[in-house]
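>>> Need the 3D shape of this:
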Amino acid sequence: MAETPALHGTPAKGEFGRLLALLDPAQPVRVQTHDYPDLDALASAWGLASLLETRGLRARACYRGPIRSRSLSRLIAELDIGFDENPASGEDSQILVVDGSPANGNVSLVRGRLVGVIDHHRHDSEPPAPFIDIRPDLASCSTLILGYWTSEGRRLSRNLATALLAGLQSDTDFLSRRASLEDFAAYSELFAMGDFERASRIVRCVLDLRELDLVTAALAKAVVRDGTFFAWMPGSCGQEVLGVLADFVLRTEELRLVVIAELDGPEENPEGRWNSVAGVHLSARSKDPALSAFAVMKGALESLGSGGGHSHAAGGFVPFAAFPGPEALRERFLALPREVRANHA
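This next block holds a predicted model:
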């Protein structure tokens, strides 16, 4: 095991230095995102793997589950992001989880030894790792990874800066959601280093014409109760559609919480692949300080699936085998807000 982080040049500083001291330079590193990665997750994993490579480690970004995001697929293609899909790591691999946590149930760990968890989401319990850097005050994990690069005094490539900028734009909806001063500073720094026009175009172009029809049908059959809006997408769609629709609906003055769900049926997935696991994908948005989207998602999916996020935005997944039916799942979400508000009081 490496005793000091001095692999190439001067010793690393701060949290990155503490992480580097725990990694064995003789063993490969897998930087793994949460399952079904989004822009912020994969950009952050690529950013950390790239930084570790500057220190002489063999590091690769990886993830499990299919990419359901149209914008992420475009980002990977345009920026030539290096990653491994559903890797078969050996026992000697060192695992770093970025933008997720095994403790939150949203990471199906690849084989290897878990060394660290680097995240910006809320956690109910501490992850079982010697290195933990969890900062729920940050709106984006891309901000956190940029901080590692800054502490090293290294300059990002234009493509990597563009990827992190896209991750920050996506997770904050172009800084229109809750964001810290550190997020604003990171946005400014990445704006100067990356390709703002490319990142913005990739983040904004997430729907196709067929999905507009699905959105119309979902709105027509939505249920509203006590300021909570719940809608089912009547067909499979891209990952961003749920969040885009939730953000749009939350602009309604009378609403405090919006939940959008999509059933990805087993017949819609290829046979014989890991990502053929079907289930319900959910996205929630809240503008009520007393009604945490994270608490609603965790509570509604208890004993069914996994969920996580922030007080203003959260996501979740229910495996098809545990799916109680559309009405039963909807009622869980419509009944829970009153309990969450009561616990907040």
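
>>> Can you show me the strands along the stretch 151-300 of the chain?
Under the criterion DSSP state E, counting those that start in this stretch, the stretch 151-300 of the chain contains strands at 223-225, 228-233, 257-264, 279-286.

>>> List the neighbouring strands of the second one plus their orientation.
Meaning strand 228-233. In the sheet containing strand 228-233, its partner strands are strand 223-225 (antiparallel), strand 257-264 (parallel), by DSSP bridges.

>>> ok, now how distant is Leu72 from His34?
Going from Leu72 to His34 by CB to CB, to the nearest Å gives 13 Å. (Glycine included, C-beta is placed from N, CA and C.)

>>> Kindly report the same for Leu138.
For Leu138, the distance to His34 (CB to CB) stands at 16 Å.

>>> which of these two has more neighbours?
Just comparing Leu138 and His34: by other CB atoms under 10 Å the higher neighbour count belongs to His34, 31 against 23.

>>> Quick one: list the elements packing against the longest helix anywhere in the chain.
Longest helix of the chain, by residue count under DSSP state H: helix 326-344. Contact here means 3 or more CB pairs under 8 Å, 6 or more residues apart in numbering; DSSP states H and E; on that basis helix 326-344 packs against strand 223-225, strand 228-233, strand 257-264, helix 293-300.

>>> so which of these gets nearest Ile118?
Distance to Ile118, taken as CB to CB, is lowest for helix 293-300 among those, at 18.6 Å.

>>> quick one: contacts of the closest one?
Around helix 293-300, the neighbours that count as contacts under CB atoms under 8 Å, 6 or more residues apart in numbering are 121-122, 124, 257, 259, 282, 284-286, 307-316, 329, 332-333, 336-337, 339-340, 343.

>>> next structured bit after it?
Towards the C-terminus, the helix or strand next in line after helix 293-300, according to DSSP states H and E, is strand 306-309.

>>> Name the next helix or strand downstream of that next one, please.
Sequence-wise, the next helix or strand beyond strand 306-309 is strand 313-319, with elements assigned using DSSP H and E.

>>> what's the angle from that next one to helix 293-300?
20 degrees (axes from the mean of the first three to the mean of the last three CA atoms, to 10 degrees).

>>> Direction included, what does strand 313-319 pair against?
Within its sheet, and counting by DSSP bridges, strand 313-319 is paired with strand 279-286 (antiparallel), strand 306-309 (antiparallel).

>>> can you tell me which of the ones you listed the model trusts least?
Comparing those by mean pLDDT, the weakest confidence falls on strand 306-309, with a mean of 87.

>>> which stretches of the chain form helices?
Under the criterion DSSP H, helices of the chain are mapped to 14-22, 39-54, 70-79, 141-152, 158-172, 181-193, 196-204, 209-220, 239-249, 293-300, 326-344.

>>> Mind giving me the packing neighbours of the first one?
Okay, so that is helix 14-22. Counting contacts by 3+ CB pairs under 8 Å, 6+ apart, helix 14-22 packs against strand 113-119, strand 131-134, helix 141-152.

>>> Reformat those as CSV; add mean pLDDT, distance to Glu211 and mean neighbour count.
Formatted as CSV, the entries for those read as follows, by pLDDT from 0 to 100; distance: least, CB to CB, whole Å; neighbours: other CB atoms under 10 Å:
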stretch, mean pLDDT, distance to Glu211, mean neighbour count
strand 113-119, 95, 30, 23
strand 131-134, 96, 34, 18
helix 141-152, 96, 26, 24
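
>>> need these in CSV with distance to Asp92, can you?
Below are the helices and strands packed on helix 14-22 laid out as CSV (distance: least, CB to CB, whole Å):
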stretch, distance to Asp92
strand 113-119, 8
strand 131-134, 18
helix 141-152, 24
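
>>> what's the closest of those to Phe16?
Each of the helices and strands packed on helix 14-22 was scored for nearness to Phe16 using CB to CB, and the closest is helix 141-152 (4.2 Å).

>>> And the closest one, what does it pack against?
Secondary structure elements in contact with helix 141-152, counted by 3+ CB pairs under 8 Å, 6+ apart, are helix 14-22, helix 39-54, strand 113-119, helix 158-172, helix 181-193.

>>> switch the cut-off to 10 Å
For helix 141-152, the contact count by 3 or more CB pairs under 10 Å, 6 or more residues apart in numbering; DSSP states H and E identifies helix 14-22, helix 39-54, strand 94-98, strand 113-119, strand 131-134, helix 158-172, helix 181-193 as packing neighbours.

>>> and for Leu72 and His34, which residues touch both?
Residues touching both Leu72 and His34 by CB atoms under 10 Å, 6 or more residues apart in numbering: 40-42.

>>> Fine by me, thanks again.
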